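J.: Predicted model and sequence follow; I will ask about them next.
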Amino acid sequence: MKKLPQGWTVEDVLEIPEIQEVITKARHSAHEVCGLWHEPGTTYMSGSAGAMKYWVFRNDKREEGSKQPTHRLCVSRQKPRQEESRVNTSQQRQPAHDLF
């Protein structure tokens, strides 16, 4: 671990404009979690990353003109079963734009 120059504090470093810019960018940057797929015959998209499984569903309870979200994101920590963890490249997947 590097040491600060003599007489400097962490607050001094955090006040440097270039450091503030890096911190601001880090706070506002988006991070990709995983890809989502729409399987034929389903009304949702799903994906996984590690032990986490993700689903995006339309919000069927949404009332027109309301401020309710149009979609819901569900997350579950599941240990993937062996057959689910393998990627089947022979399956055709539909593009997600059909859901929106």
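T.: Arrived safely.

J.: M45: how many residues sit nearby?
T.: As a burial measure, M45 scores 21 neighbours (other CB atoms under 10 Å). Bear in mind the C-beta positions are built from the backbone N, C-alpha and C, glycine included.

J.: On the three-state scheme, the residue nearest to the spatial centre of the chain is what?
T.: Centroid-nearest residue in the chain: V33, 3.8 Å away (criterion: CA atoms, centre = their mean). Put simply, V33 is coil when judged by DSSP: H, G, I helix; E, B strand; the rest coil.

J.: Touching, it and V56? I think so.
T.: No. Under the criterion of CB atoms under 8 Å, V33 is not in contact with V56, lying 11.5 Å apart.

J.: quick one on the thing from earlier: per-residue pLDDT, the residue nearest to the centre of the chain?
T.: With respect to pLDDT, V33 has a value of 85.

J.: per-residue confidence averaged over stretch 58-65?
T.: 89.

J.: What lies in contact with that stretch?
T.: Outside stretch 58-65, the residues that touch it by CB atoms under 8 Å, 6 or more residues apart in numbering are 43-44, 68-72, 99.
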